[in-house]
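Asker: Just need the structure, nothing else, for what follows:
(one chain, ligands or ions: 1)
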Amino acid sequence: MGERQRVEALAVAYEERLAEQREGRRERGAFYTPPHLVSWVLDRALGPGVSRVLDPACGTGHFLVAAARRLGARSVHGSDLDPEAVAIARARLLAEDPTLTPEEVAQQVRVADGLTAWDGELFDAVVGNPPFLGQLRRRTAGRSDARPAAYTDTSAVFLHRALDLVRPGGTVALVQPLSVLAARDAGPVRRAVAERGAVSDLWCSPRPVFAGTAVLTCVPVVRVGDPAGTDPDGWGRLAAPSFGVPPVELRAGDRVVGDLATCTADFRDQYYGLVPHVSDGGLVDSGAPLVTSGLIEPAACEWGSRSTRFARQRYDAPVVHLAGVRAGPLASWAAARLVPKLLVAGQGRVIEAVVDEQGAWLPSVPVVTVVPHDPGDLWRLLAVLLAPPLVADAAARYLGAVLTPGSVKLSARQLAALPLPADEDAWAEGAVLAERAQRHRDPAALAATARVMARAYGGGAEVTAWWLGRAGGGGQVP
Ligand SMILES: C[S@@+](CC[C@H](N)C(=O)[O-])C[C@H]1O[C@@H](n2cnc3c(N)ncnc32)[C@H](O)[C@@H]1O
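Answerer: Numbers count the residues shown, from 1 in each chain. Sure thing, here's the model as predicted:
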């Protein structure tokens, strides 16, 4: 067995041992990168003129060895907190290039915190797969708290740090959890990228690629110094095609949902406050149906025809006893909710919204309540929320912020910010169809609403078909 094969076998044995010690591996965030992903990254990061590359959390050196094979072993640098992994990475590089001395390779690959080890140095490219560790695990990931506060994930701190370590014109390509695309905690790093460069390419996968973990990942390729910038709120759109979300150019007017209505979410006080007042079984005098997210479908409410869960119990038809509520701290809350409104499910395959024309229902967390300033706008607002291009745009924009990418989860604030359509005539037609769809539980009218509202936003058959396919998963659409 040659030296190269011997050290490669060492790396494999080490990783297998790590895999057996699952827990230790999770602690350090050590999940090794599959070769096809290493190649994808290096194809983009190691362009012409690149001669100095860093992997700041190099593990046993998968990126380093692959980069050494392209550029020569003297071009690569790495660091890792794990001395055993570093020893293997060094041995692998020595096997790649026997002219390297152990002293040289020890300078190139260090047992060190990748967030602080390379102060003052510049590289043409920073690549790799830094640890994904939540805040609680920060300590095991070294001094990541040396970077700007409040990131949920260490991997985003590595991305931020890498921007300082790359020369203008250089590239940063680090594996990240998919949540970096839209999570609020990663907002500072997306803004830093926008200030310093642009995302030129994005790899992402709708399936996990790291053995032993369900985390979905992506690799934003950042060109440092590219003046184009990348909208910090627009990363999800770059990933949308990988999740089957059709691209859309919204033709929207100047106004937003919030100009026509007040959107409000409820919280734990309302949730727990209702518990003693809810019972099962049909309408009683002075009772209000309690509508959970699971009961809301596009233009339909399944209350009474489908069972649901509330406060760890199953109900066939949960009713809130208003006499009790009105005597307690939720009296004014209930009064504000018992008005003509729309209810929007917390998360769904599309935006799931239904009109409560009589103002008779109470929402259960996380349902969002949309109360129009003018009740004459109820059906117009329903038509908006059923519009396929609007839903596709929201699904793309917030991709990565939900556990099931491609599903739609909007906060009250995000709902209020949705733009209204530019085409008033199509919108008016859509409102009539949406009303018919809900009143008559008419699937054909719902499909027609989708088609007309796609037109209202300048969308076509592709986005309508996407919406119909998704809304069919339990809604009225056949
Ligand atoms: C997911 S592994 C990736 C290894 C390598 N990039 C690869 O794909 O083969 C992450 C590595 O980060 C290391 N690590 C964790 N915190 C670190 C830190 N602050 N500085 C350097 N390395 C760190 C772990 O020991 C682990 O080897």
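Asker: how far away is the closest residue to residue 38 other than its chain neighbours from residue 361?
Answerer: Counting by C-beta to C-beta, 6 or more residues apart in numbering, the nearest residue to residue 38 once its immediate chain neighbours are dropped is residue 66, at 4.9 Å. Bear in mind the C-beta positions are built from the backbone N, C-alpha and C, glycine included. Counting by C-beta to C-beta, to the nearest Å, the separation of residue 66 from residue 361 is 58 Å.
Asker: So which of those two has more stuff around it?
Answerer: Between residue 66 and residue 361, counted using other C-beta atoms under 10 Å, residue 361 has the larger neighbour count: 23 against 20.
Asker: what about dumping the CA coordinates of stretch 305-316 to CSV?
Answerer: C-alpha atoms of stretch 305-316 as CSV (Å, rounded to 0.1, in the frame of the first residue of the first chain):
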residue,chain,number,x,y,z
SER,A,305,-66.6,18.2,9.6
ARG,A,306,-63.1,17.4,10.6
SER,A,307,-61.6,16.8,14.0
THR,A,308,-58.7,18.9,15.3
ARG,A,309,-56.3,19.2,18.1
PHE,A,310,-56.2,22.0,20.7
ALA,A,311,-54.3,22.0,23.9
ARG,A,312,-53.3,18.4,23.6
GLN,A,313,-56.8,17.1,23.1
ARG,A,314,-58.8,16.1,20.1
TYR,A,315,-62.0,17.9,19.4
ASP,A,316,-64.7,17.1,16.8
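Asker: start the count at 41, not 1, going forward
Answerer: Got it, the first residue is 41 from now on, which makes the last one we talked about stretch 345-356.
Asker: which residues sit against it?
Answerer: Outside stretch 345-356, the residues that touch it by C-beta atoms under 8 Å, 6 or more residues apart in numbering are 311-312, 315, 318, 320-321, 330, 332, 334-335, 344, 358, 404.
Asker: next one: stretch 456-472
Answerer: So stretch 456-472 is contacted by 290-293, 295-303, 419-420, 422-427, 430, 434, 450, 489, 492-493, 495-498 (C-beta under 8 Å, 6+ apart).
Asker: Stretch 432-440 now?
Answerer: For stretch 432-440, contacts defined as C-beta under 8 Å, 6+ apart pick out 218-223, 258, 273-277, 279-280, 283, 285-288, 290, 391, 445-450, 454, 458, 499, 503, 506-507.
Asker: switch to 6 Å and redo it
Answerer: Identification of contacts with stretch 432-440 by C-beta atoms under 6 Å, 6 or more residues apart in numbering yields 218-219, 221-222, 276-277, 279-280, 285-286, 288, 290, 445-446, 448, 503.
Asker: what's the farthest-apart pair in those?
Answerer: Pairwise distances across the contacts of stretch 432-440 peak at 25.2 Å for 219 and 503 (criterion: C-beta to C-beta).
Asker: For the stretch 41-190 of the chain, give me the ranges with low pLDDT.
Answerer: Across the stretch 41-190 of the chain, the ranges flagged by pLDDT under 70 are 41, 62-71, 174-190.
Asker: so where do the strands sit in it?
Answerer: Using DSSP state E, counting those that start in this stretch, the strands found in the stretch 41-190 of the chain span residues 93-95, 116-120, 149-151, 163-168.
Asker: Now mean neighbour count and distance to residue 467 too, for those, in a markdown table please.
Answerer: Listed next are these as a markdown table, based on neighbours: other C-beta atoms under 10 Å; distance: least, C-beta to C-beta, whole Å:
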| stretch | mean neighbour count | distance to residue 467 |
| --- | --- | --- |
| strand 93-95 | 28 | 52 |
| strand 116-120 | 28 | 57 |
| strand 149-151 | 20 | 61 |
| strand 163-168 | 28 | 48 |
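Asker: Include distance to the ligand when you put the ones you listed into JSON lines, please.
Answerer: Output for those, formatted as JSON lines (distance: least, C-beta to the nearest ligand atom, whole Å):
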{"stretch": "strand 93-95", "distance to the ligand": "6"}
{"stretch": "strand 116-120", "distance to the ligand": "4"}
{"stretch": "strand 149-151", "distance to the ligand": "9"}
{"stretch": "strand 163-168", "distance to the ligand": "4"}
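Asker: of all the ones you listed, which lies closest to residue 307?
Answerer: Residue 307 lies closest, by C-beta to C-beta, to one member of the strands of the stretch 41-190 of the chain: strand 163-168, at 40.1 Å.
Asker: Strand 116-120 and the closest one, what's the angle between them?
Answerer: Angle of strand 163-168 versus strand 116-120, following axes from the mean of the first three to the mean of the last three C-alpha atoms, to 10 degrees, is 40 degrees.
Asker: Strand 163-168: partners in the sheet, and parallel or antiparallel?
Answerer: With DSSP bridges as the test, strand 163-168 is paired with strand 93-95 (parallel), strand 206-214 (parallel).
Asker: Can you tell me which of these is most buried?
Answerer: Greatest average neighbour count among the strands paired with strand 163-168 goes to strand 93-95 (a mean of 28), per mean count of other C-beta atoms under 10 Å.
Asker: Tell me how many other residues crowd residue 496.
Answerer: Using other C-beta under 10 Å, residue 496 is surrounded by 28 other residues.
Asker: Kindly report the same for residue 297.
Answerer: By the criterion of other C-beta under 10 Å, residue 297 has 23 neighbours.
Asker: Chain neighbours aside, what residue packs nearest to it?
Answerer: Excluding its sequence neighbours, the residue lying closest to residue 297 (C-beta to C-beta, 6+ apart) is residue 458, at 4.7 Å.
Asker: how near is that neighbour to residue 307?
Answerer: Distance, residue 458 to residue 307, by C-beta to C-beta: 22 Å.
Asker: Which one's more surrounded, the two?
Answerer: Using other C-beta under 10 Å as the criterion, residue 458 and residue 307 rank with residue 458 on top: 22 against 10.
Asker: Can you give me the distance of the residue nearest to residue 78 to residue 212?
Answerer: Distance from residue 106 to residue 212, counting by C-beta to C-beta: 17 Å.
Asker: So what touches stretch 308-320?
Answerer: For stretch 308-320, the surrounding residues in contact (C-beta under 6 Å, 6+ apart) are 330, 351, 355, 356, 358, 360, 361, 364, 365, 370, 405.
Asker: out of these, who's nearest the ligand?
Answerer: Nearest to the ligand, judged by C-beta to the nearest ligand atom, of the contacts of stretch 308-320 is residue 405 at 36.3 Å.
Asker: Now for the closest one: which residues touch it?
Answerer: By C-beta under 6 Å, 6+ apart, the contact set of residue 405 is 306, 311.
Asker: A helix includes it, no?
Answerer: No: under DSSP: H, G, I helix; E, B strand; the rest coil, residue 405 falls outside any helix and is assigned coil.
Asker: quick one, phi/psi of it?
Answerer: phi -50, psi 130 (degrees, to the nearest 10).
Asker: and what of the one 4 residues further on?
Answerer: When read as degrees, to the nearest 10, the backbone of residue 409 gives phi -100, psi 130.
Asker: surely it meets residue 381?
Answerer: Yes: counting by C-beta atoms under 6 Å, residue 409 does reach residue 381; the two are 5.5 Å apart.
Asker: With neighbour numbers in mind, choose between these two.
Answerer: Set side by side, residue 409 and residue 381 show more neighbours around residue 381, with 27 against 24, by other C-beta under 10 Å.
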